[in-house]
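> Sharing a model that was predicted from the sequence below.
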Amino acid sequence: MDLGNFLSYIASGTLYTLGASLIALPAGLILGLLFALLYLYGGKVLSNLMAVYSTVMRGIPPIVLLFVLYFVVSGSVNLSPFLAGSISLGIISSAYQMEIIRGAIQCVSGGQLMAARAIGLSQTQAVREILLPQALRIALPSWSNEAAIVIKDSSLIYALGVPEILRRAQLISASTQQPFLAYSAAAIIYFALVFITTRLLGRLEQKLAIPANP
Amino acid sequence: MTEPILRIRNLTKKYADKVIFQHIDLEVKSGDTIVIIGPSGTGKSTLLRCINLLTRPNEGQIFLNGEEITAKGINEDHVRQRIGMVFQNFLLFNHLTALENVKLGLTKVRHMKAEEAEVKAISHLKRVGLSEHMDKYPGQLSGGQQQRVGIARALAMDPEIMLFDEPTSALDPELIGEVLEVMRDLSKSGMTMVVVTHEMGFAREVADSIIFMERGSIVEEGSPEELFEHAHFPRTREFLGKISELYGKKEKKGE
Amino acid sequence: MSAWISLFQRYWPDFLKGAGITLELTFVGLLIGFVLGLLLALGKVYGSTWLRRLCTGYIEVFRGTPLLVQLFLIYYGLPSLGITLDQSTAAYAALGLNSAAYQAEYLRGAIVAIGESQMIAGRSIGMSRWQTIFQIILPQALRLALPAWSNEPISLLKTTGVVFLIAVQDLMAKGKRAAAASYNPIGAYLAVAVVYLGLVFLLTLVLKWAERRTKIPGFEMETKSS
């Protein structure tokens, strides 16, 4: 087998890796945003519930959660391992994203909301126009880190048999007896994915940055 | 007798067991500038925040142009559109330019069209002397400039009354003057203003009536001449004396 | 529910053994990661240009790739280069090398925060560069780093979860066995999850205790400003 075929076989797993990440990350964002808002504005019961959710989900290794969620999800709905795994990854990420968003929102000073109410904005308007835009910018660096983590954690769906990058590397290393090459290729592809994502988000950070005099 | 723009009746505010202020009665006639003075922590800021309903009083009533705004079922957001507030820490929206800060209330609350709002916002920024800086972000402006934007932002809503909560306390001394000048002009132009401040010079020159508050109650109320020249209560004289000493020093510096 | 409790009762000796291995993996990985991470941090702060680049490169690579890939590379890949490691050693190596990259950043941040002025102070009383680093800067830097660094042991504990995929008999491996034997995968893995939660809780207590013991009054790293 020549190098070209070798590499393209492993690289084709990228589809699954990217696919899983592109499902998990937005899912985690929507859930995380919801949970953060519930925690902050949902009253005592919901707030405590979300706190427990966050502590529990972040205290269990992602691989364990993945297995539990995967069996639960595929037990109830007939989904492919890829979809079930991706959704599970999203649920796992939601706990971490909830913390990031919550922290960012709490960083925005209460005075900003007070000033917003003072010119007659409703609570909803104040949150939407004043709080969230500022919180987003604060959250971006941490969120960018989480994006990298989701891409790396997507390698866990290897254990579910999904033909992503690592699984393909394993298969081809068996057939060509070139494990070092195969896994190095896998590592390089993952690195490229993480690198590009981090750079892109970094540029977004710069674009959104609020100008200030040093 | 015309209805005063603002009438406060028997207002009391407590946090848990602590009384912030109690049984406050106050009237503000249209076009008047009322200055509230007194030691820190005597509830002056809380009183202001009750007027525009950012904080709810425990007892008492507030009437804006005859309408009771503390009544049940009142839409607080609508009330706040009629009252302008300027904060000690400016509280400009950090992610928006000066122009956008002033425009926001016009587009989102008054539902003006963007072009209309922009024209109005620019005219208000011009009025406070900041038209060249309108595309700058708060982080790029000095404290005095930020506060003037804050004033423009509040004025743009065409409020019936303007509240100032220690507007110059967070400013470097050399920047205080530009803000006081804007406030002076505003008062002269006939805006009804309630100002909490330590700036005695301003109080003396601009106020129609001065209120001395201490420990949650109004100790004395009167015109600047009355309070500064022959205050009734010794405590008032003591406070004004100490502050004027400070003011006197500033005056010597050529303020 | 009672079925789940009985599952726990049947397998908890197994889980306990697995938890022990997990803790061992965490501890060894943390240790290797600390020593190597410290070297990387020192290299980045005090090293020559090419040393700095090397250290940065290492950190970027190990933080930019999944641990699972690193693990497979070491366990399955190295033998074809002549380096054959058994499962445990491969796991220690992967965890240690991986953790080093993360610990390097925590330590580097603390060293830089302390560094400049304390270095001047140390040199001014005649100490050499390295003396100052080890006697003055590091003792302070390590204490300063502790709160932020405390994230790493917990993170590492969770990360060890994947080593069962190269047949290391850790907690997760025991969970897999329980899942197969009991035909109750959800129950088994939930049980394992609970044990992990317990381990994280214990670890958090230990770290908080360590923080209290080493605290110097008035000496804290500013984290977030409001």
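Nice, thanks for sending it over.

> where's B:Val194, which helix or strand?
Using DSSP states H and E, B:Val194 maps to strand B:193-196.

> Show me what that strand is packed against.
When contacts are defined as 3 or more CB pairs under 8 Å, 6 or more residues apart in numbering or on different chains; DSSP states H and E, strand B:193-196 packs onto strand B:33-37, helix B:44-51, strand B:161-165, helix B:173-188. For every residue, glycine as well, the C-beta is placed using N, CA and C.

> continuing past it, what's the next helix or strand?
Next in sequence after strand B:193-196, counting helices and strands by DSSP H and E, comes helix B:200-206.

> Check which element follows that next one along the chain.
strand B:209-214.

> Name the residues that touch the helix or strand following that following strand?
For strand B:209-214, the succeeding helix or strand toward the C-terminus, using DSSP H and E, is strand B:217-222. Strand B:217-222 has contacts (CB atoms under 8 Å, 6 or more residues apart in numbering or on different chains) with B:21-26, B:38, B:209-213, B:227, B:231-233, B:235-236.

> Using PDB, write out every CA atom in strand B:217-222.
What follows is strand B:217-222, C-alpha atoms only, in PDB (Å, rounded to 0.1, in the frame of the first residue of the first chain):
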ATOM      1  CA  SER B 217     -33.600  61.600  57.400                       C
ATOM      2  CA  ILE B 218     -33.800  65.100  56.000                       C
ATOM      3  CA  VAL B 219     -32.200  67.400  58.500                       C
ATOM      4  CA  GLU B 220     -32.700  70.700  56.800                       C
ATOM      5  CA  GLU B 221     -34.000  72.000  53.500                       C
ATOM      6  CA  GLY B 222     -33.700  75.500  52.000                       C
END
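
> What's the separation between whatever residue of the stretch 1-150 of chain B ends up closest to chain A and A:Ala209?
With CB to the nearest CB as the measure, B:Gly139 is the residue of the stretch 1-150 of chain B nearest to chain A, at 2.7 Å. Counting by CB to CB, to the nearest Å, the gap between B:Gly139 and A:Ala209 amounts to 10 Å.

> Same drill for those two, tell me which one is more crowded.
Taking other CB atoms under 10 Å in any protein chain shown, B:Gly139 and A:Ala209 do not tie; B:Gly139 has more neighbours (14 against 10).

> Just confirm the more buried one contacts B:Phe93, I think it does.
No. With contact defined as CB atoms under 8 Å, B:Gly139 does not count as touching B:Phe93 (11.6 Å).

> and the helix or strand hosting B:Gln147, what other elements does it pack with?
Element membership of B:Gln147, judged by DSSP H and E, is helix B:143-155. With contacts taken as 3+ CB pairs under 8 Å, 6+ apart, helix B:143-155 sits against strand B:83-86, helix B:98-108, helix B:114-127, helix B:173-188.

> Can I get those in a markdown table including mean pLDDT?
Below are the helices and strands packed on helix B:143-155 laid out as a markdown table (pLDDT from 0 to 100):
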| stretch | mean pLDDT |
| --- | --- |
| strand B:83-86 | 95 |
| helix B:98-108 | 94 |
| helix B:114-127 | 95 |
| helix B:173-188 | 94 |
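
> need the ones you listed in CSV with distance to chain C and mean neighbour count, can you?
Formatted as CSV, the helices and strands packed on helix B:143-155 follow (distance: least, CB to the nearest CB, whole Å; neighbours: other CB atoms under 10 Å in any protein chain shown):
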stretch, distance to chain C, mean neighbour count
strand B:83-86, 21, 26
helix B:98-108, 21, 24
helix B:114-127, 29, 17
helix B:173-188, 23, 17
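
> Redo these as a markdown table? Include distance to A:Ile30.
As requested, these are exported to a markdown table (distance: least, CB to CB, whole Å):
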| stretch | distance to A:Ile30 |
| --- | --- |
| strand B:83-86 | 36 |
| helix B:98-108 | 25 |
| helix B:114-127 | 30 |
| helix B:173-188 | 44 |
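
> Show the contacting residues for residue 135.
No chain in the question, so chain A it is. Contacts of A:Ala135 (CB under 8 Å, 6+ apart): A:Ile101, A:Ala104, A:Ile105, A:Cys107, A:Val108.

> think we crossed wires, I meant chain C
C:Gly122, C:Met127.

> A:Gly28 contacts A:Tyr96, doesn't it?
Yes. If you go by CB under 8 Å, A:Gly28 and A:Tyr96 touch, sitting 7.4 Å apart.

> Much appreciated, bye for now.
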